[in-house]
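Visitor: just the structure for this:
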Amino acid sequence: MYTDFTFTIKSTAFDENYRPSNNTRITTNFANLARGERRQENLCNTLRMINNRFNALAHWDNPNADRYSVRLEIVSVNMDIEGNGQTFPTIEVLKTNIVDHETNEYIEGIVGNNFSSYVRDYDFSVLLQDHNRDQPKFSIPDNFGDLHGKIFKYFVNSETYQQNFKKPPVICLSVSDSKIYYRNENQHPVLGFEYQPNESSLTEQYFKKMGLQVRYFMPPNSVAPLAFYFVGDLLNNYTNLELISTISTMETFQKIYRPEIYNANAIAGQCYQPKLKNQDHSVTQIIYDRSERSLLANEQGKFAEEHFIKPYKAVLEQWSAAFT
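Guide: Modelled structure (predicted):
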């Protein structure tokens with residue numbers, strides 16, 4: 001049985017002319033913005049917010065707050081399961097790049113940032129829901145997230161990844177409204193104050209199976225901490241400009257999608273619990289459909305089940321059992 005999966009990477013510029021491809025999960029942050037009558041206005045405003053935030057954080061030798069701009073690439077990863085050239089859209093992430101207009105230098109940023117996966121949709125929207133449908137108490141299925149985690153680790157350690165990216169990925173997510181976060185004394189010049197949650201979350205456990213650990217930081221002039229999932233040493237393996245590119249990009253997305261938390265009018269204090277029903281917040285001028293995103297996650301989970309989980313069940317089980 002064929003078990004040597006191979007990956008191919010396609011890169012697409014995320015700019016004001018971006019249109020989602022047929023293989024892009026349309027619940028993905030960047031794809032959701034690029035639809036509808038105001039798609040181009042949405043994209044221009046989003047990119048402007050990212051650049052303004054980047055220059056505010058990279059303020060040294062930048063008196064007019066216009067020295068840098070961020071260029072974003074959508075990195076789509078397809079996996080060939082049987083070695084016959086047929087692929088499944090496995091992972092989609094963002095890669096940041098930085099233009100220094102003073103030196104005319106093009107600086108590589110960080111790959112990861114936003115994280116999109118049909119298999120994750122299957123795990124959370126199909127497998128987890130089916131498992132708990134008739135259960136009196138919420139529980140997690142055996143081996144939940146194992147296959148997804150192994151595929152991600154296999155990709156990050158693959159020759160394809162190593163040839164295209166210099167450093168391990170960093171994925172940046174929102175904090176959970178079901179957890180309480182406590183600020184500690186650790187402060188980084190770019191990442192800001194560190195926070196620690198009162199307990200582990202299902203998302204943390206899921207990403208741990210992908211080989212990623214998590215730390216929570218609230219950058220300067222932010223109002224809530226962000227979750228940074230990474231491999232190795234987050235604070236020392238990445239430059240300040242690399243970290244700023246991730247913060248400016250992902251905080252912008254969160255201000256659009258989670259304004260109750262990331263565009264709140266009150267700043268997170270020593271003890272912080274995010275509230276998705278917080279009314280004291282500002283909204284951006286960028287339009288998106290949050291209800292549609294939730295509905296589509298179910299559809300996309302079923303797509304993964306139909307086109308990936310079921311047809312390749314025997315191959316995937318054999319490969320997963322042998323994976324080290």
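
Visitor: show me where this protein has its strands.
Guide: Taking DSSP state E as the test, the strands found in the chain are 6-14, 68-80, 87-100, 105-116, 170-173, 181-188, 192-197, 213-218, 226-230, 271-272.

Visitor: any chance of those strands in TSV, plus mean neighbour count and distance to Asn236?
Guide: Quick note: C-beta positions are derived from backbone N, CA and C, even for glycine. Shown next, in TSV, are the strands of the chain (neighbours: other Cβ atoms under 10 Å; distance: least, Cβ to Cβ, whole Å):
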stretch	mean neighbour count	distance to Asn236
strand 6-14	15	27
strand 68-80	20	22
strand 87-100	21	19
strand 105-116	21	14
strand 170-173	23	13
strand 181-188	14	10
strand 192-197	19	14
strand 213-218	20	12
strand 226-230	23	11
strand 271-272	17	26
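
Visitor: adding mean pLDDT, write these out as CSV.
Guide: Rendered in CSV, the data for the strands of the chain read as follows (pLDDT from 0 to 100):
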stretch, mean pLDDT
strand 6-14, 93
strand 68-80, 95
strand 87-100, 94
strand 105-116, 95
strand 170-173, 97
strand 181-188, 97
strand 192-197, 97
strand 213-218, 98
strand 226-230, 98
strand 271-272, 96
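
Visitor: below-threshold pLDDT in the stretch 151-300 of the chain: ranges please.
Guide: Low-confidence regions of the stretch 151-300 of the chain, defined here as pLDDT under 70, cover residues 287-295.

Visitor: helices of that one, residue ranges please.
Guide: Counting by DSSP state H, counting those that start in this stretch, residue ranges of the helices within the stretch 151-300 of the chain are 159-164, 202-208, 240-257, 259-262, 290-304.

Visitor: tell me which of those is the most buried.
Guide: Counting by mean count of other Cβ atoms under 10 Å, helix 240-257 has the highest mean neighbour count of those, with a mean of 24.

Visitor: and it, what other elements does it pack with?
Guide: Taking 3 or more Cβ pairs under 8 Å, 6 or more residues apart in numbering; DSSP states H and E as the contact definition, the neighbouring helices and strands of helix 240-257 are helix 29-33, helix 39-57, strand 68-80, strand 87-100, strand 105-116, strand 170-173, strand 226-230, helix 259-262.

Visitor: can you dump the C-alpha atoms of the last one in PDB for me?
Guide: Okay, so that is helix 259-262. In PDB, the C-alpha atoms belonging to helix 259-262 read as follows (Å, rounded to 0.1, in the frame of the first residue of the first chain):
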ATOM      1  CA  PRO A 259     -14.300  43.200  17.500                       C
ATOM      2  CA  GLU A 260     -15.900  42.400  20.900                       C
ATOM      3  CA  ILE A 261     -12.500  41.200  22.100                       C
ATOM      4  CA  TYR A 262      -9.800  42.900  19.900                       C
END
